[in-house]
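[1] For reference, the sequence and a predicted model appear below.
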Amino acid sequence: MEQKIGKKATFHDSLQVRLVSDFEKSLAWYRDVLGCEVNYWGHAVRGGMKLILQQAKHPDDVRPNQASAKRDNYPTDWTGPDLGWDTFIHLDYNEFDSLVEEMRANGANIVLGPIEATHSNGMHFKNLYIQDPDGYTIVFG
């Protein structure tokens, strides 16, 4: 059965919901390490990065993403990440080095990087991987 769709609804903000093992500790980490504005609704916001943190019922409910399967059909020579990504945050390329300094100064758990490389199509990129207290991997690039 074919449906005729009129005007599509506009999507506004999208907030990723993240279960955490210790709500207070996570709020403090997102505030103090990432520099987010936080509140007791569980919102952690900095620019375009918007999360809702929620207290998990059980520690086993907190499940950061695992690494994805490799694939060879990306538009470049890249086959996919080696670590699981929970959030990818785009940065202005010229602000990357100051972000690295900020994360180091704030005590971020840097698990990979900074990485600087060039894809076979000539696209140059920089990435930094950090993990929050529950092991969620946040990639800046």
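    Received the coordinates, thanks.
[2] Quick check, central residue of this structure?
    With distances taken as C-alpha atoms, centre = their mean, residue 87 lies nearest the centre of the chain, 2.0 Å away.
[3] So which residues of this protein form strands?
    All strands of the chain, identified by DSSP state E, fall at 16-20, 37-38, 43-46, 49-55, 87-89, 109-118, 124-131, 137-140.
[4] The closest residue to the residue nearest to the centre of the chain other than its chain neighbours and residue 127: what is the separation?
    When the adjacent residues along the chain are set aside, residue 87 lies closest to residue 138, with 4.7 Å between them (C-beta to C-beta, 6 or more residues apart in numbering). To be clear about C-beta, it is placed using only N, CA and C from the backbone, and glycine gets the same treatment. When C-beta to C-beta, to the nearest Å is applied, the distance between residue 138 and residue 127 equals 11 Å.
[5] out of these two, which sits in the busier spot?
    When neighbours are counted by other C-beta atoms under 10 Å, residue 138 and residue 127 differ, and residue 138 comes out ahead with 23 against 17.
[6] Please name the residues that touch that one.
    By C-beta atoms under 8 Å, 6 or more residues apart in numbering, the contact list for residue 138 reads 34, 86, 87, 88, 89, 129, 130, 131, 132.
[7] Can you pull out the low-pLDDT segments for the protein?
    Per-residue confidence for the chain (pLDDT under 70) gives these ranges: 1-3, 79.
[8] Could you report the distance from residue 134 to residue 125?
    27 Å.
[9] So between those two, which is more surrounded?
    Looking at residue 134 and residue 125 with other C-beta under 10 Å, you find the greater number of neighbours at residue 134, namely 20 against 14.
[10] Relative to residue 107, how far out is the more buried one?
    Remark: distance between residue 134 and residue 107 (C-beta to C-beta) = 16 Å.
[11] ok, residue 18 - how many residues close by?
    Residue 18 is surrounded by 21 other residues when neighbours are defined as other C-beta under 10 Å.
[12] For it, list each beta-bridge partner.
    As for beta bridges, residue 18 partners with residue 53 under DSSP bridges.
[13] Test my guess that it contacts residue 49.
    No: checked against C-beta atoms under 8 Å, the pair residue 18 and residue 49 is beyond contact range at 11.5 Å.
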